[in-house]
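Asker: sequence and predicted model, in that order:
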Amino acid sequence: MVVGSEVPNLLEAGAASTLIVSLDLDIGVPVACHAAVKRQLSALLPHFEPSPDEPSVWTPRSPQLLEVNFVGLDSSQDPAEAYVFEDDELPLLVFGALSLVEPGAELEIEGSRIRVPRIAGLLLEKLVTDRTGEKGDRDLLVALGLLMTASSADLEEFVGAYRRLRPELRHAVRANLTVLSLIDARAGMPDPRLQRASVAELLRRVEASTEEPL
């Protein structure tokens, strides 16, 4: 399942890939499926090779392809924790916040079937994680790309999932939405200045859902 910054592009109408400029493709691997995924790695060899420094990263042999990063998914993991799934060939960093992500639609794009997450869960993952600096701002703009593709039903699902979080995680979501409402534009990313009202409305909805101010 694709879980990173390419998701807004895939969900954009016609998979236009204009929302986010990304240099890599994050593939979420459920730890229970690790062995099955590892058996398929040889299919990447004509076009990719494993990084000698990071075995979970496969680098492209062609500049026209994106780097592939494998990350672990564990639905039982605490969203605030992380651990390493050890393996000589394909170790995985298992981010706890990805436990909030659930499989969504399977898209067919140019003959390939691609599984993407439900928007609500991935948006929540992007907003629950503590993020700082330039990388943090870019990750929040990925969240903005998700918000721009979300339907009203997706946002209802998001608010419901937010309400089930414990208080410190809800605070992280509200804090990140506040930061998102203030950051400047970045090249190749959605312009947050044009989406201030949408971000403010989502912040209002999550605050009203639990009556918790920032």
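Answerer: Now that the structure is in, tell me what you want to look at.
Asker: let me see the contact set for the residue lying closest to residue 62 once chain neighbours are set aside.
Answerer: Nearest residue to residue 62 in three dimensions, chain neighbours excluded: residue 47, at 6.6 Å (CB to CB, 6 or more residues apart in numbering). C-betas here are computed from N, CA, C, even on glycine. Residue 47 sits next to 60-62, 65 when contact means CB atoms under 8 Å, 6 or more residues apart in numbering.
Asker: next one: residue 47 from residue 128, what distance?
Answerer: In this view, residue 47 and residue 128 are 34 Å apart by CB to CB, to the nearest Å.
Asker: residue 60 too?
Answerer: Distance from residue 60 to residue 128, by CB to CB: 31 Å.
Asker: more crowded one of those two?
Answerer: residue 128 (23 against 16; other CB atoms under 10 Å).
Asker: tell me the pLDDT of residue 110.
Answerer: You'll see residue 110 listed with a pLDDT of 79.
Asker: same question for residue 14.
Answerer: Reported pLDDT for residue 14: 64.
Asker: looking at the helix ranked longest in the chain now, give me its mean pLDDT.
Answerer: Across the chain, the longest stretch assigned as helix under DSSP state H is helix 133-149. Taken as a whole, helix 133-149 carries a mean pLDDT of 89.
Asker: quick one: buried residues of the helix or strand hosting residue 38?
Answerer: Secondary structure from DSSP states H and E places residue 38 in helix 34-39. For helix 34-39, burial by neighbour count (16 or more other CB atoms under 10 Å) applies to residue 34.
Asker: beyond it, next helix or strand please.
Answerer: Heading C-terminal from helix 34-39 (DSSP H and E), you reach strand 48-50.
Asker: identify all contacting residues around stretch 107-115.
Answerer: 1-2, 10, 15, 103-106, 116.
Asker: those residues in strands, which ones?
Answerer: Counting by DSSP state E, the part of the contacts of stretch 107-115 found in strands is 103-106, 116.
Asker: which among the residues you listed gets closest to residue 92?
Answerer: Nearest to residue 92 among these is residue 103, at 17.4 Å by CB to CB.
Asker: residues near that closest one, how many?
Answerer: Neighbour tally, residue 103, other CB under 10 Å: 14.
Asker: show me where this structure has its strands.
Answerer: Under DSSP E, the chain gives strands at 24-30, 48-50, 57-60, 67-73, 82-85, 92-95, 103-109, 112-117.
Asker: can I get these in JSON lines including distance to residue 132?
Answerer: JSON lines is the format used below for these (distance: least, CB to CB, whole Å):
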{"stretch": "strand 24-30", "distance to residue 132": "19"}
{"stretch": "strand 48-50", "distance to residue 132": "29"}
{"stretch": "strand 57-60", "distance to residue 132": "22"}
{"stretch": "strand 67-73", "distance to residue 132": "20"}
{"stretch": "strand 82-85", "distance to residue 132": "16"}
{"stretch": "strand 92-95", "distance to residue 132": "16"}
{"stretch": "strand 103-109", "distance to residue 132": "28"}
{"stretch": "strand 112-117", "distance to residue 132": "24"}
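Asker: so which of those is nearest residue 200?
Answerer: Of all the strands of the chain, it is strand 112-117 that lies closest to residue 200, at 24.8 Å by CB to CB.
Asker: quick one, that closest one and strand 103-109 angle?
Answerer: Using axes from the mean of the first three to the mean of the last three CA atoms, to 10 degrees, the direction of strand 112-117 lies 150 degrees away from that of strand 103-109.
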